[in-house]
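[1] I would like the atomic coordinates for the input below:
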Amino acid sequence: MKAINIIIFLLCAGGILAGEESVAPEQRVERYLTKATVRGYSGSVLLAMNGKILLKNGYGMADTEKAFPFKADTIFDIGSITKQFTAACILKLEMEEKLSVNDPLSKFFDAAPQDKKTLTLHQLLTHTAGMVDGLGSDEEMISLDDYLKKAFAADLIHEPGKYEYSNAGYSILAAVVEKTTGEDYEKYLREKLLLPAGMKETGYVLPQWDKARMATGYRNNRRWGTTFEQSQYEKGVTWHLKGNGGIHSTVSDLYLWYQALRKNEILTEKAKQKYFTPYVQEGEGVDSSYGYGWSIRLDEQKHKTISHNGGNGYFMATMAMIPEIDFVVIASTNRNPKNKDVIAERIAQLMLTDLKELDDSFVTQYAGTYRLPSGSRFSVDFNENDRAVFHLDQSEPWVMLGGDDSDNKKTAEQFDARTSELLKAALSGNVERVSSLAGLPVAELSEMVGNFRKRLEEANGKWKDLEVLGSVSRRKGTFYLTPVRLLFERGNEYRLAVWKGETLVDLRESPEGNTKEFEPQGENRFRAESNNRTVEFGMDGAVAVLRITATGQTFIAQKIND
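    Coordinates of the predicted model:
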C-alpha cells in the first residue's frame, strides 16, 4: 500500500447559506450521498451514534460492466485500515506476555543488521523507526525471507524518532506476529481478534466469500478488477501487503470491530490506552498525531477523534470514531481517486455541526465561465461538498489559482522543461530517457512507458502535441506540481506530474481536466489550504465577478455568457 494522508476532520460551521433547521442530520446525510452518487460516487456507508445504526447502505455500482450495485454488504479492500488490526495483534500478544512493544527487532530476527537491531516494535507501530515506505509493487509475489532481506538491506531514511509513514514497518510487524506465534498472520488475527468480535467477513483469504459480492476497483473510469484478483491471493498474500494493507471487509464487520473495541472485548482498557495514545505528530504543521495504527486529533469540541483511511489508487476506505460521544462513520469507495475520503468527513460535519449547505441560488448565480482582464478563461462549478471547483485549462489562471507564494520562477521553468521532455520520451517509448528524467529505475517504468502511447491513441486518436500549463510549488518548494495537456485528434487528456527534488513521485491522470478545489469559508469566500489562495464571489452591478487574492494582489475575473 502506498502512504496516504490520514483524514483530518474539519468539524466547523459553514456560513454561506442558511440550513434547514427542521431536517434531521441523518436526512441531510442521505441527501448528500444522493448528490454525491449523481456526481459519480459509488461505495458503502455505515453511520452509527449512541449504539444505534442510523444509516447503512450502498450507492452506485460495485461492478459497472456486470451492473452489480453497491450494497451494504459489498466486500471491499480496506487499504491501510489494515494497520489497526496488525497493531491490535501486537497488543494482544503483549497482553499474553509473549512480547513487549519495547522489544527490539534483534529479539525476533537474528539477521537484523546493526542499524536495525535496536529498532523497537513501538517505533514500527508509530512510523518512527526510519524504515522506508515500500519495497515493491503491491501485486509482486514475494516470500517472507526475500521481503526481510530487502527490508534489512534498505537504508534507514532518517534517524529513529522522527515520523515518516512506512508500510514496510507494518509488514515487519506482521512477521513479528508469525515469529512469535508460529502461525500465519491472518490465522492468528482471525482466531484471536476477528472471530471473537463476530467478524466473519474480514481477512485476506480465509473468509469464504462469494466473489460476486466483491467490489471491482476503477481508476479514471477504467476497470482494474479486485485486489483479490490483481494481487493473486489464491497464490498467497504477498508481503508487500501483509500487515499493512489489502485486507477485505464490509461496513457491518468494521462496525462490529468498533463495538468490540468500545466494550473492551478484544483489548483490555490498559492495552486500548496504548492503542489510542497520540504518540507523534504526523508531520510539521499537522494537527493530528499517530497512535498504534490510528490517527488521533481533538476536534473543535475537544473530543478525541480517532481515524484511519486506506487506498491503493482504486479503492479508498475510511473509518473514524469519536468514542466520547459513541459516534462512528465507515465509508468505502471503489472509484479512487475520483472520490477521495471526503465522504466520511462530510458526513461527520453534517451530523455533528451546524454546517450550512450551499444554496441552489448561489450555485446558479456563480457557476460558469470567467474571464481575466488578459482574456484568459476558466470555469467554476460547485461539487457535493460545496467546494468551488476551478477548471484551469490555461496557464495564467492555473498559476494564479494553483500557484504558491514560494514559487521560484527559474525552478518552475526547469520543471516545465523536464516534464515536457519526460512525456515526449514516454510517448516515443524511450524508457531509458524517461528513467533518467524521472529518477526511477527502468524496471518500474517499462510497462507504463511501453503501453503509454498505444493506450492513449486507442481512446483519443493520433497524438498531436502537448502543452505544459506551468509548474507550481508546495510545502515551501519541497514538491513541484506540473500539469500537462495532451492534445489528440479526438480530444485532450491531462496529466499532473508531482516532483520531489529531481524524482517523479507521481504522474496522475486528470480525467476532468486540470482542476483546483477551494473550501467554503463563509461570506462568499473560498480558500485553498494547500497554497493559501482565497477567492470571493460577488456582484458588480448585474455581472457576477470573482476576486482572486494571490501573491499579495487582487485580480478580478468577470463571469461571461457564451
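[2] now the phi/psi pair for residue 163, please.
    The phi and psi values for residue 163, taken as degrees, to the nearest 10, are phi -80, psi 130.
[3] ok, it - contacts?
    Residue 163 makes contact with 126-128, 280-283, 290 under the criterion Cβ atoms under 8 Å, 6 or more residues apart in numbering. (Each C-beta comes from the backbone N, C-alpha and C, glycine too.)
[4] what about 10 Å?
    Residue 163 is in contact with 126-128, 279-284, 286, 289-290, counting by Cβ atoms under 10 Å, 6 or more residues apart in numbering.
[5] which of those fall in strands?
    Among the contacts of residue 163, DSSP state E puts 280-281, 289-290 in strands.
[6] could these be laid out in CSV, adding pLDDT?
    Below are the ones in strands among the contacts of residue 163 laid out as CSV (pLDDT from 0 to 100):
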residue, pLDDT
280, 96
281, 94
289, 95
290, 97
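[7] and the two most separated of the residues you listed?
    Farthest-apart pair in these is 281 and 290; separation 8.0 Å (Cβ to Cβ).
[8] the closest residue to residue 382 other than its chain neighbours: what secondary structure?
    Computed as Cβ to Cβ, 6 or more residues apart in numbering, the closest residue to residue 382 that is not its neighbour in sequence is residue 363, at 5.0 Å. Secondary structure for residue 363, judged by DSSP: H, G, I helix; E, B strand; the rest coil, is helix.
[9] so what does the helix or strand containing residue 399 touch, helix or strand wise?
    Assigned by DSSP states H and E, residue 399 belongs to helix 395-402. Secondary structure elements in contact with helix 395-402, counted by 3 or more Cβ pairs under 10 Å, 6 or more residues apart in numbering; DSSP states H and E, are strand 377-382, strand 388-391, strand 472-474, strand 479-488, strand 515-522, strand 533-540, strand 543-550, strand 553-560.
[10] and the shortest one, which strands flank it?
    Note on strand 472-474: by DSSP bridges, its sheet partners are strand 479-488 (antiparallel).
[11] repeat for the last one
    For strand 553-560, the paired strands and their directions (DSSP bridges) are strand 368-371 (antiparallel), strand 543-550 (antiparallel).
[12] residue contacts, residue 202?
    75, 78, 82, 85, 186, 189-190, 193-195, 247-250, 252-254, 256-257.
[13] that older thread, so can I have TSV of the ones in strands among the contacts of residue 163 showing neighbour count and distance to residue 92?
    Converted to TSV, the ones in strands among the contacts of residue 163 look like this (neighbours: other Cβ atoms under 10 Å; distance: Cβ to Cβ, whole Å):
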residue	neighbour count	distance to residue 92
280	16	22
281	13	27
289	20	23
290	25	20
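[14] so can I have a markdown table of these showing distance to residue 238?
    Listed next are the ones in strands among the contacts of residue 163 as a markdown table, based on distance: Cβ to Cβ, whole Å:
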| residue | distance to residue 238 |
| --- | --- |
| 280 | 28 |
| 281 | 31 |
| 289 | 30 |
| 290 | 25 |
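[15] pick the one among these closest to residue 370.
    Looking across the ones in strands among the contacts of residue 163 and measuring by Cβ to Cβ, the closest to residue 370 is residue 281, at 39.2 Å.
[16] can you tell me how far residue 313 sits from residue 507?
    Remark: distance between residue 313 and residue 507 (Cβ to Cβ, to the nearest Å) = 12 Å.
[17] neighbour count winner among these two?
    Using other Cβ atoms under 10 Å, the more surrounded residue of residue 313 and residue 507 is residue 507, with 20 against 17.
[18] contacts only, for the more buried one.
    Residues in contact with residue 507, defined by Cβ under 10 Å, 6+ apart, are 419, 422-423, 426, 434, 438, 445, 448, 452, 482, 484, 495-498.
[19] so where's the stretch 451-562 of the chain shaky on pLDDT?
    By pLDDT under 70, the low-scoring segments of the stretch 451-562 of the chain are 562.
[20] and with 80 instead?
    511, 562 (pLDDT under 80).
[21] likewise for the chain?
    Scanning the chain for pLDDT under 80 picks out 1-23, 220, 285, 299-302, 336-341, 511, 562.
[22] ok, now with 50
    Low-confidence segments of the chain (pLDDT under 50): 1-20.
[23] domain assignment for it?
    With domains defined by automatic domain parsing, the chain comprises 25-352, 360-392+515-560, 409-508.
[24] most packed of these?
    Greatest average neighbour count among the domains of the chain goes to domain 25-352 (a mean of 19), per mean count of other Cβ atoms under 10 Å.
[25] all the helices of the stretch 101-250 of the chain, residue numbers only.
    Using DSSP state H, counting those that start in this stretch, the helices of the stretch 101-250 of the chain run over 121-125, 144-153, 167-181, 185-189, 227-230.
[26] these: which one's closest to residue 324?
    Short answer: helix 121-125, nearest of those by Cβ to Cβ, at 23.4 Å.
[27] please name every helix or strand in contact with the closest one.
    Looks like helix 121-125 contacts helix 82-95, helix 167-181, helix 269-275 (3+ Cβ pairs under 10 Å, 6+ apart).
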